[in-house]
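Engineer: With the sequence up front, the predicted model follows.
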Amino acid sequence: MSSAWFGLNTALRGLVASQVMIDIAAHNTANANTPGYSRQRAGLVASDPFSYPAFNRSGLPGQIGTGVSIATITRVRDAFLDLQLRSQVSTEGAWTTRREELAKVEAIFPEPDPSGLGNVMGRFWDAWQDLAADPTSAAARSAVLEGAATLAGRFNHDAAQLATLTEGIDYQVSQDVATINDLSARIAALNTQIQRVRISGDHANDLEDQRDALLDELSAIVPVSLQAETDGTVTVLIGGIDLVSGDRVRQLATAVNPAGNTNPVWSDGGAVALGTARLGTLVSVRDGQLASYRTRLDTLASTIANAINAIHATGFDANGVAGGAFFTYTAGNAAATLAVAAPLAADGRLLAAAGAAGQPGNGSIAGAIADLRQARLFGAGTQTAADAYAGLVGQVGSDTRQAIEMARNQTLVTNHLRKRRESMSGVSLDEEAVDMIRFQHAYQAAARVMSVVDQMLDTLINRTGIVGR
Amino acid sequence: MRITNRMLHDQALGNLALNVEALSRIQEQMATSKRLLRPSDDPTDVRSAVKLSDAKAELEQYKRNIVNAGRAMATAEGAIGSAGEVMQRARELAIQGANGSLSPDDRRLIAQEVEQLTGQLVALAATKAGDQYVFSGFQAATAPYAPPPVGTAVVGAYLGDTGTVVARIGPGVQIRTNVTADVVFGPAFAALAQLHGELVGGGSASPIAITLLDTGHAAIIAARSLVGARQNRLDATAGTLDDGLLAAQRLLSELVDVDLTEAVLDLGSREAVYQAALAVNGRILQMSLIDHLR
């Protein structure tokens, strides 16, 4: 026989369980919009049953239940989905960064708008033609100088813009390194807290959610691999080197490379395997695309300058003196430093338009320079200056286009995975509402059981054995 | 699939953002009437557009060169035409001067007119287009002949040179635009000097002088037809260039400009999609079980 009070206890367990379930629903509902939150579920189990003590148990029922207890409170989460998502988040970080950086480059070459270098170059050649037609005209001379100054200015501007973008990337690299250090410190701190909770045998659901959110954030910057340790901590590795291990963090730092640009390094100076994510892309866009655009721009500027200078030097100016250099520039940095030679810029008469001294009407040199527009100076004698520039613009365009399309596709992929994760781990308000009703009813029913037992006891205690009173 | 409230919200936001992006693109295209606004819009087409607009600018420049060259040639042609008239008058005077019944004084009067004609011819040789003497070769700042001293018709040496002034009228195509005064006017001056020399002394004009005059006139006529032929070539080239320009303009427009009809239609359909998305989201996002629980 069980105690007369036995039923009260069973009902109490029901009350408590329902209350906890309502609390969990409240927690889920409250966090329905919290980023990184995973819905939590309680594992309800029937509590250990009670065997009737008896001398001979054969004819008797076996065990009697003692009610319900809450075994675990866990988060609904698929670790494999997290793994998949993080690798895609890294790729997404790579392409969106590439898209953003290249979109900035593209703005430097606003083709086919007339304000671009292409049109400026065209007007420069036109000015030479006008001078060839009328070499005695002071107006034609100053038009050539003006066109040349505008062209040089446009080259300077474009090169300066590219340099500014490079500096901008250097700044972002150091920012990202700071962010990685911050994130890894926070992950290490969470590792410690989670470990403590685990020791007491519980699940640190909310702390693990926070840590997962930080790992997602980290993955967008640099691809990481993770090792789940038995004590509940995670070891975070970049290229096989541990960034976070338990509560320990290996810091990243920045170093300036020979080209004067900022690169991320381990605090001991070792190179970081940046892989395909935001940080790696910043470095590869800077050292790859930007550097190559810059070189092509330099080649364009120096080749045009050299070709013009060579012809100009064979000519004679309005004073009958042999022509000097037309353009000047610093080797290795041609686009940024291209300028009209100082004496010329001050005096248009020094323009050597004539093929022989003392022939003011001779515009043959100006004509020969104008003909450079058609000259195949680029691409091993296959391209004119306009072709070479169009090629550069086309390259910028197709690089940007590829980044835009890849970023769009990659965002679709990560969105799909995020959706799957949300489908699994996200809070559904309808579901929680149903749970609330379910456990409200369970609570009411348990309370009713308690009343029944109470009435039974009332009958037994207060109304039994009072015959004849 | 289990659908949560956040999924509905995210999806609504994502789809609305896509629609707005498409609308903004149409807005941009219609506002600028350009299909290509940056290299990534269509790298291949932008590349072609950059080259094509350079080619078009070049054709425009050739066109301008032709107009400039045409103007210089027309000036030269006008001067040569007037020179022809001067030579005709000189020949009339020579025939008159060959008449044996004239008195020496009459002949001296004729000689004076020959002297004037020579002066006219020197002035015609010094014709300028803008600041340039058109008949001086490369010596564009120097008049080809100094006027003869008063009382003579002997013009000094040609002061210009044989410089060939060219105009660029097409890719790699040049045309000579000038004739030099020594060729055009040189024989005429020789003839006039001979005629003047014969008449000023009171003698009659000789057949030699008349033959020389004819030679001088022939040189002028030859120069005139040469200039005329060049002008014809310029006109023909200008026509070809116009065709090329038109074609380049059309190609460029096809590459760069937006097809307005298409853009308007696109706008209509995008707008409808956006409205529908707004309506659907407005209804779905409001629904919740909570509203139905008491």
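Structural biologist: Thanks, I have it. Just so it is clear, the structure is predicted and the values come from calculations on it, not from any experiment.
Engineer: which residues touch residue A:3?
Structural biologist: Under the criterion of C-beta atoms under 8 Å, 6 or more residues apart in numbering or on different chains, residue A:3 has no neighbours. Where you see a C-beta, it was placed from the backbone N, CA and C, and this is true even at glycine.
Engineer: How about residue A:41?
Structural biologist: Taking C-beta under 8 Å, 6+ apart, we find residue A:41 in contact with A:24, A:73, A:74, A:75, A:76.
Engineer: quick one: the fourth one from chain B, how far?
Structural biologist: Pointing back at residue A:75 there. To chain B, residue A:75 is 14 Å away according to C-beta to the nearest C-beta, to the nearest Å.
Engineer: That residue pairs with what?
Structural biologist: In this entry, residue A:75 is beta-bridged to residue A:40, by DSSP bridges.
Engineer: neighbours around it, how many?
Structural biologist: Using other C-beta atoms under 10 Å in any protein chain shown, residue A:75 has 17 neighbouring residues.
Engineer: Just the pLDDT for it.
Structural biologist: The per-residue pLDDT reported for residue A:75 equals 93.
Engineer: pretty sure it is touching residue A:40, no?
Structural biologist: Yes - using C-beta atoms under 8 Å, residue A:75 is in contact with residue A:40, at 5.3 Å.
Engineer: Out of the contacts of residue A:41, which end up buried?
Structural biologist: Among these, those classed as buried by 16 or more other C-beta atoms under 10 Å in any protein chain shown are A:24, A:73, A:75.
Engineer: Just confirm residue B:187 contacts residue B:215, I think it does.
Structural biologist: Yes - here residue B:187 reaches residue B:215: they are 5.1 Å apart, a contact under C-beta under 8 Å.
Engineer: more neighbours, these two?
Structural biologist: Neighbour count, other C-beta under 10 Å: between residue B:187 and residue B:215, residue B:187 has more, with 20 against 13.
Engineer: Using the three-state scheme, assign that one.
Structural biologist: Assigned by DSSP: H, G, I helix; E, B strand; the rest coil, the conformation of residue B:187 is helix.
Engineer: Tell me which residues touch it, please.
Structural biologist: B:212, B:215, B:216, B:218, B:219.
Engineer: tell me, what residue is most central in the chain?
Structural biologist: Because you didn't say which chain, this covers chain A. Centroid check for chain A by C-alpha atoms, centre = their mean gives residue A:93 as the closest residue, at 3.2 Å.
Engineer: That was the other one, I meant chain B.
Structural biologist: Nearest residue to the geometric centre of chain B (C-alpha atoms, centre = their mean): residue B:64, 2.4 Å.
Engineer: what's the pLDDT at the residue nearest to residue A:436 when sequence neighbours are not counted?
Structural biologist: Distances taken as C-beta to C-beta, 6 or more residues apart in numbering or on different chains place residue A:25 nearest to residue A:436, at 5.0 Å, with adjacent residues excluded. Residue A:25 carries a pLDDT score of 95 in this model.
Engineer: Residue A:25 and residue A:432 touch, don't they?
Structural biologist: Yes - counting by C-beta under 8 Å, residue A:25 does reach residue A:432; the two are 4.7 Å apart.
Engineer: Find the helix or strand that residue A:69 is a member of.
Structural biologist: Element membership for residue A:69, per DSSP states H and E: strand A:68-75.
Engineer: can you check residue A:223 too?
Structural biologist: Residue A:223 belongs to no helix or strand, assigned by DSSP H and E.
Engineer: what's the answer for residue B:235, then?
Structural biologist: When elements are assigned from DSSP H and E, residue B:235 belongs to helix B:207-256.
Engineer: Now do the next helix or strand after that helix: which elements does it pack against?
Structural biologist: Remark: after helix B:207-256, the chain's next helix or strand is helix B:260-284, criterion DSSP H and E. Counting contacts by 3 or more C-beta pairs under 8 Å, 6 or more residues apart in numbering or on different chains; DSSP states H and E, helix B:260-284 packs against helix B:5-32.
Engineer: residues contacting the residue nearest to the centre of chain B?
Structural biologist: Residue B:64 neighbours (C-beta under 8 Å, 6+ apart): A:126, A:129, A:130.
Engineer: these two touch, right, the first one and residue B:57?
Structural biologist: What it means is residue A:126. Yes - Residue A:126 lies in contact with residue B:57 (C-beta under 8 Å); the separation is 6.8 Å.
Engineer: where in the stretch 201-350 of chain A is pLDDT low?
Structural biologist: Along the stretch 201-350 of chain A, segments meeting pLDDT under 70 are nowhere present.
Engineer: follow-up on the earlier one: now do the residue nearest to residue A:436 against residue A:47, distance only.
Structural biologist: Distance, residue A:25 to residue A:47, by C-beta to C-beta, to the nearest Å: 22 Å.
Engineer: Those two: which has the busier surroundings?
Structural biologist: Using other C-beta under 10 Å as the criterion, residue A:25 and residue A:47 rank with residue A:25 on top: 24 against 17.
Engineer: where's the more buried one relative to chain B, distance?
Structural biologist: To chain B, residue A:25 is 12 Å away according to C-beta to the nearest C-beta.
Engineer: quick one: what helix or strand has residue B:94 in it?
Structural biologist: Using DSSP H and E, the element containing residue B:94 is helix B:43-98.
Engineer: What average pLDDT does whichever helix or strand comes after that helix get?
Structural biologist: Next in sequence after helix B:43-98, counting helices and strands by DSSP H and E, comes helix B:104-125. Helix B:104-125 shows a mean pLDDT of 92.
Engineer: Could you confirm whether helix B:104-125 reaches chain A?
Structural biologist: No - for helix B:104-125, no contact with chain A is found by C-beta under 8 Å from any C-beta of the partner chain; the gap never falls below 14.8 Å.
Engineer: Secondary structure element holding the residue nearest to residue A:413 when sequence neighbours are not counted?
Structural biologist: Nearest non-adjacent residue to residue A:413, counting by C-beta to C-beta, 6+ apart: residue A:88, 5.3 Å away. Per DSSP H and E, residue A:88 falls inside helix A:79-108.
Engineer: Checking the residue of the stretch 51-200 of chain B found nearest chain A next. Helix, strand or coil?
Structural biologist: In the stretch 51-200 of chain B, the residue that lies nearest chain A is residue B:140 (2.8 Å; C-beta to the nearest C-beta). Per three-state DSSP, the secondary structure class of residue B:140 is coil.
Engineer: And the one 3 residues further on, by the same measure?
Structural biologist: Following three-state DSSP, we place residue B:143 in the coil state.
Engineer: Now for it, how many residues are close by?
Structural biologist: By other C-beta under 10 Å, the residues close to residue B:143 number 19.
Engineer: so what's it closest to, chain neighbours aside?
Structural biologist: residue B:126 (4.1 Å).
Engineer: ditto for residue A:232
Structural biologist: Distances taken as C-beta to C-beta, 6+ apart place residue A:198 nearest to residue A:232, at 3.7 Å, with adjacent residues excluded.
Engineer: so that neighbour is in which element?
Structural biologist: helix A:138-199.
Engineer: What average pLDDT does that helix get?
Structural biologist: Per-residue pLDDT values over helix A:138-199 give a mean of 95.
Engineer: Determine how far that helix lies from the middle of the whole chain.
Structural biologist: Its chain's C-alpha centre and that of helix A:138-199 lie 14 Å apart, by C-alpha atoms, centre = their mean, to the nearest Å.
Engineer: Specify the angle between it and helix A:79-108 in degrees.
Structural biologist: Put simply, helix A:138-199 runs at 170 degrees to helix A:79-108, going by axes from the mean of the first three to the mean of the last three C-alpha atoms, to 10 degrees.
Engineer: what about the nearest residue in space to residue B:28 that is not next to it in sequence, which SS state?
Structural biologist: The shortest distance from residue B:28 to any non-neighbouring residue, by C-beta to C-beta, 6+ apart, is to residue B:37 (6.5 Å). Assigned by three-state DSSP, the conformation of residue B:37 is coil.
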